[in-house]
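Undergrad: kindly generate the corresponding structure for this input.
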Amino acid sequence: MSQDSSAPSTGLSRRSFARLLAGGTAAALAPLGVGLGRAPFPPPRPARQAGERGERYWQGIREQFLMPLDLACLNAANLCPSPKSVLDSLYDATRDVDRDPSPQNRSKLSEGKERTRRTLAGFLGVTPEEILLTRNTSEANNIVSSGLDLGAGDEVVIFGDNHPSNHRAWADKAERFGFTVKVVEPRNPHPGGEYYLDAFTRASTGRTRLWAFTHLTNSVGDLFPVGEMCAAARARGILTLVDGAQTFGLLDLDLAALGPDFYSGSGHKWPCGPRETGVLYVRSDAQPRLHPSVISLYAGAVGISRTFEGLGQRDEPAILAFGEALTFQANVGKAAIAERARALAVALMDGLRRIDGVTLWTHPDPDRSWAVVSFQPAGLDPRKLAAALYENDRIACATRGGADRTGLRFSPHFYNLQSEVDRTLDAVAKYVKTGL
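TA: Below is the predicted model of the structure:
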């Protein structure tokens, strides 16, 4: 696929970008830990870390995406754009299949799918035998809630601010199969990882079979102590399902160290992959506890994929492009991506707190949030403000309705620029002062 001639450019070609990655500005940063508790994430050091690469480097990253430079898309928690190399992979593989859809030609895609599985395993610090290629987090979560043997007398403890696929799905299946669901409700501001570890422990009994909670909430960006919670659950013989939709592709993850039994994620969010790609990690010793809900053809080649990926015809070009997206991020550096997104979120939170009347819902401490920033914009209607930001200022974000912590959500990623943060804060301040 040729480069979009309408996209602004400062002359950084794909070849120049590869040299930039290989040069000193792309030196690997120290890996980040992802557990909380007594040894939380190290506090971010935006000035020093940003200086190691500089804004020019991140401008070069931005040029690998098709978004025009006047559009500030601060909505990674919902949908991310894919870099050009991912689009090229998707287009080329799709065109190849449509040029020759014969079984002989398509057979090479099977190895491409397994290559993506191996890339995913390395990206998450686990083995290919523990990886399922799904369509998104919702499907992955439902594979777990539908696949465990749960019935009368069993209990599941879930977090009240889970995504519906990791919340309502449990309630629906509890009604169908007779097990009990207990809910640990969220508290705002984030009370700290120890609070939720204690709350889940107190909610559990000898009949508790699983804890289901979100790594980073999509509502206000509450970060959970995954390592500590998985260890505590395992010590009690309780399984854990961690919804990683907001941390897969954002944080530098080592699932083998964190220890969940199940971890779900979407390719179309922070990994910047194609739509309808995702992952479910199933720890090896938890695999015998899970049963497939769909049985068909075209299963995977190794481990649990042999029995759980018989889902019929898949979009293999998208799966291949998913692997390309992970490779792109690995070349930039997973730790660098995490630190960049965190630095931009810190800048947003610092600026929002200086605007009179704004209520920040997201806790600013680095062991309680990462790159999802939610706030109430004084007395303004969040939906009208979001519309004005997009229509007048070319700033895209998400809204949160209802009665609980309403407002706007900004979720910056590594393709965003400091200048976009600055003009976003200026625009919010303007509307708070003048009204809509």
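
Undergrad: what mean pLDDT does the strand or helix carrying residue 58 get?
TA: Per DSSP states H and E, residue 58 falls inside helix 46-62. Average pLDDT, helix 46-62: 74.

Undergrad: who touches the next helix or strand after it?
TA: Proceeding N to C from helix 46-62, the next assigned helix or strand is strand 72-73, under DSSP H and E. For strand 72-73, the external contacting residues (CB atoms under 8 Å, 6 or more residues apart in numbering) are 67, 81, 393-396, 416-417, 420, 423-424. Yep, even glycine has a C-beta here, placed from its N, CA and C like the rest.

Undergrad: of those, which belong to helices?
TA: Judged by DSSP state H, the contacts of strand 72-73 include 393, 420, 423-424 as members of helices.

Undergrad: make a PyMOL selection of the buried ones in the residues you listed.
TA: The buried subset of the ones in helices among the contacts of strand 72-73, as determined by 16 or more other CB atoms under 10 Å, is captured in PyMOL by this line:
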select buried, resi 393+420+423+424
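
Undergrad: now the two most distant members of the ones in helices among the contacts of strand 72-73.
TA: With CB to CB as the measure, no two of those lie farther apart than 393 and 420, at 10.3 Å.

Undergrad: before we move on, back to that, can I get the contacts of strand 72-73 in TSV with distance to residue 276 and pLDDT?
TA: Shown next, in TSV, are the contacts of strand 72-73 (distance: CB to CB, whole Å; pLDDT from 0 to 100):
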residue	distance to residue 276	pLDDT
67	21	96
81	16	98
393	31	98
394	28	98
395	27	98
396	21	98
416	24	98
417	29	98
420	28	98
423	33	98
424	30	98
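
Undergrad: which one among the residues you listed gets closest to residue 233?
TA: For those, the nearest to residue 233 is residue 416 (35.3 Å; CB to CB).

Undergrad: quick one: the strands in the stretch 51-200 of the chain?
TA: Along the stretch 51-200 of the chain, counting by DSSP state E, counting those that start in this stretch, strands occupy 72-73, 131-134, 155-159, 180-184.

Undergrad: pairing partners for the last one, with directions?
TA: Applying DSSP bridges, strand 180-184 is found paired with strand 155-159 (parallel).

Undergrad: pLDDT averaged over the partner strand - what is it?
TA: Mean predicted lDDT for strand 155-159 stands at 98.

Undergrad: outside of that strand, which residues touch it?
TA: Outside strand 155-159, the residues that touch it by CB under 8 Å, 6+ apart are 150, 166-167, 170, 174, 179-184, 186, 196, 200, 203-205, 207-214, 224.

Undergrad: what's the spacing between residue 141 and residue 170?
TA: Distance of residue 141 to residue 170, given as CB to CB, to the nearest Å: 9 Å.

Undergrad: ok, now residue 176?
TA: 11 Å.

Undergrad: need the overlap of contacts for residue 141 and residue 170.
TA: residue 212.

Undergrad: ok, the two, which is more surrounded?
TA: A direct count of neighbours by other CB atoms under 10 Å for residue 141 and residue 170 places residue 141 higher, at 28 against 25.

Undergrad: how much space between that one and residue 244?
TA: Taking CB to CB, one finds residue 141 at 10 Å from residue 244.

Undergrad: give me the common contacts of those two.
TA: residue 264.

Undergrad: in the stretch 201-350 of the chain, which spans are strands?
TA: Ranges of strands in the stretch 201-350 of the chain, per DSSP E, counting those that start in this stretch, are 208-214, 239-243, 262-266, 278-282.

Undergrad: just to check, residue 390 is in contact with residue 396?
TA: Yes: between residue 390 and residue 396 there is a contact at 5.5 Å, judged by CB atoms under 8 Å.

Undergrad: gap between the nearest residue to residue 162 once chain neighbours are set aside and residue 186?
TA: Nearest residue to residue 162, sequence neighbours excluded (CB to CB, 6 or more residues apart in numbering): residue 214, at 5.2 Å. When distance is defined by CB to CB, residue 214 is 10 Å away from residue 186.

Undergrad: and the two? Which one has more around it.
TA: A side-by-side neighbour count of residue 214 and residue 186, using other CB under 10 Å, places residue 214 first with 28 against 20.

Undergrad: what are the contacting residues of stretch 117-130?
TA: Stretch 117-130 is contacted from outside by 114, 131, 133, 248, 253-257, 263, 279, 281-284, 287, 300, 302-305, 322-323, 326-327, 329-330, 334, using CB under 8 Å, 6+ apart.
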